[in-house]
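Visitor: my questions are about this predicted structure, shown below with the sequence.
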Amino acid sequence: MKPFLSIRRLAIVSMASALLLLTPALSGAATFGEDVAFLNKHIDVIVLNDGAARVAVAPAYQGRVMTSSASGNDGISFGWINHDLIKSGEFIAHINPFGGEDRFWLGPEGGQFSIFFRQGDQFNLQSWQTPPYIDSQPFTVTSKSDTEVHFQETGKLINKSGTRFTVQTDRTVRLISRDRASQLLGVEIPDSVNMVCYESENTITNKGDKAWTKDTGLLSIWILGMYNPSPETTVAIPFQTGSEDQLGPVVNDAYFGKVPADRLRVGDGVMFFSGDGKYRSKIGLNPLRAKPFFGSYDAANKALTIVNYTKPEGVTDYVNSMWELQEHPYAGDAINSYNDGPPGPGKKPLGPFYELETSSPAAALAPGESFTHVHRTCHLTGPEEALNAIAKAKLGADLQTIQNALK
């Protein structure tokens, strides 16, 4: 059993904190059609569609899903979009936080094997730099249809220890049909429920001439979803119960200082975390605690979001992204959730938004070998009775419990 360090619970400077210092707050969410019209003024957008289900994908931003809708062009635009940055047409230092509800990244962010810091750099915001490969480099479209689009791109990375990587990424974004979504969720999605379900299938291949090893640093696939918040949005995360001696801490809840009790409640097998976009905070679950489903419920818009991802059984090596030299660089989290908010008194939030994130295990690949991580997102709106059955099945709590958990 890998030891779990108390330092995992210390507050750290992370990607999200850096984002908050770079751009101003934005206006409220638009409809899907309005957001796509805005994006089309500035970048090329590919819209996948299957009936009323729509997904907007941006090749210029590494093939990320910018936003989606369960109800056509007039439906809620679920993804948070940084209108000001996109409208400026500029690239900025450290990171270009364009937004998007399924964006492709690679880890680790921190530690001696970080790909965000160079050799000799201190772990601070001034030195922190998102690699262009996952920030400003477009991905090439290799094929597309009405319901899916495939991208491929190769890039070079170097970690803080000096290890060089040549990485080929193959990324497919595809819509998921109602029948397949019902199979994945294990609950029938009736026609009365409006839904958009999609997945990103992300494969990285070692295109270099040396193996990627634990001693010199490994990469992981990291998918981050940024969503529009509401005052009544609550994240619900089922977790594996058991002793800390066996499974480690239930939750890493101190990324930005310990999360207040009125914003995080750990129940019997399910935890609840605020997604209101009003208080900067972040939580994470290690791979022994995390389950393959988690999500959120926006009671104001009666919108249920379910995230599912590939989580190999028995694998515990996940890259550690803490901004420090690490004793255990493979003791990282499998899933995370972030809630945006002002970074300090009188300061503006970046979004606001909230995030649901998944990571793959660390990928030890010989030359030519590949590793795949799949991240799926379902947004569901409709009768509460139907949504309730899905929430109970996949999140371990009914809608009333979720929306009242933090009151």
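Guide: Good, I have the coordinates.
Visitor: which element is the nearest residue to R178 once chain neighbours are set aside on?
Guide: Distances taken as C-beta to C-beta, 6 or more residues apart in numbering place I189 nearest to R178, at 5.5 Å, with adjacent residues excluded. Placement of C-beta: from N, CA and C, glycine included. Using DSSP states H and E, I189 sits in no helix or strand.
Visitor: what about I189, distance to L380?
Guide: Per C-beta to C-beta, to the nearest Å, I189 is found 7 Å from L380.
Visitor: quick check: neighbours shared by the two?
Guide: The contact sets of I189 and L380 overlap at 195, 390 (C-beta atoms under 8 Å, 6 or more residues apart in numbering).
Visitor: neighbours around P132, how many?
Guide: 13 (other C-beta atoms under 10 Å).
Visitor: any idea which helix or strand carries the spatially closest residue to it that is not a sequence neighbour?
Guide: Spatially, and ignoring its direct neighbours in sequence, P132 is nearest to G155 (7.5 Å; C-beta to C-beta, 6+ apart). Using DSSP H and E, G155 sits within strand 148-158.
Visitor: can you name every helix or strand that the very next helix or strand once past that strand contacts?
Guide: With elements assigned by DSSP H and E, the helix or strand that comes after strand 148-158 is strand 164-176. The contact analysis (3 or more C-beta pairs under 8 Å, 6 or more residues apart in numbering; DSSP states H and E) places strand 164-176 against strand 46-50, strand 53-58, strand 103-107, strand 148-158, strand 194-206.
Visitor: buried stuff in strand 164-176?
Guide: Residues 165, 167, 169-176 are the ones in strand 164-176 that count as buried (16 or more other C-beta atoms under 10 Å).
Visitor: Y297 in helix, strand or coil?
Guide: Following DSSP: H, G, I helix; E, B strand; the rest coil, the label given to Y297 is strand.
Visitor: same check, this time on P238
Guide: Put simply, P238 is strand when judged by three-state DSSP.
Visitor: can you pull the contacts of it?
Guide: P238 makes contact with 269-270, 291, 293-294, 394-396, according to C-beta under 8 Å, 6+ apart.
Visitor: now list the buried members of those.
Guide: 270, 291, 293-294, 394-396.
Visitor: filter those residues down to the ones in helices?
Guide: Judged by DSSP state H, the buried ones among the contacts of P238 include 394-395 as members of helices.
Visitor: from the buried ones among the contacts of P238, which is closest to K278?
Guide: Nearest to K278 out of the buried ones among the contacts of P238 is F294 (C-beta to C-beta; 20.8 Å).
Visitor: who are the contact partners of that closest one?
Guide: Listed by C-beta under 8 Å, 6+ apart, the contact set of F294 reads 235-238, 306-307, 335, 337, 356, 395.
Visitor: give me the most central residue, this protein.
Guide: Centrality entry for the chain: nearest residue to the mean C-alpha point is L224, 1.9 Å, by C-alpha atoms, centre = their mean.
Visitor: ok, it touching R103?
Guide: Yes - if you go by C-beta atoms under 8 Å, L224 and R103 touch, sitting 5.3 Å apart.
Visitor: so what's N49 bridging to?
Guide: When bridges are called by DSSP bridges, N49 pairs up with R54.
Visitor: okay, it: pLDDT?
Guide: pLDDT recorded at N49 is 97.
Visitor: that one: neighbouring residues, count only.
Guide: With neighbours defined by other C-beta under 10 Å, the count for N49 comes to 16.
Visitor: helices along the protein, start to end?
Guide: Going by DSSP H, the chain shows helices at 15-19, 32-40, 83-88, 178-185, 244-247, 384-395, 399-404.
Visitor: before we move on, back to that, so who does the residue nearest to R178 touch?
Guide: Contacts of I189 (C-beta under 8 Å, 6+ apart): 178, 181-182, 195, 380, 386, 390.
Visitor: would you turn these into CSV with neighbour count, pLDDT and distance to S71?
Guide: Converted to CSV, the contacts of I189 look like this (neighbours: other C-beta atoms under 10 Å; pLDDT from 0 to 100; distance: C-beta to C-beta, whole Å):
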residue, neighbour count, pLDDT, distance to S71
R178, 17, 97, 14
A181, 26, 97, 16
S182, 17, 97, 19
M195, 25, 98, 9
L380, 24, 98, 11
A386, 19, 94, 15
I390, 24, 96, 17
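Visitor: pipe those residues into a markdown table and attach distance to W80 per row.
Guide: What follows is these, written out as a markdown table (distance: C-beta to C-beta, whole Å):
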| residue | distance to W80 |
| --- | --- |
| R178 | 26 |
| A181 | 23 |
| S182 | 28 |
| M195 | 20 |
| L380 | 19 |
| A386 | 26 |
| I390 | 23 |
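Visitor: circling back to that earlier point, from the contact counts, what lies against the strand holding G155?
Guide: Strand 148-158 is packed against strand 46-50, strand 140-144, strand 164-176, with contacts defined by 3+ C-beta pairs under 8 Å, 6+ apart.
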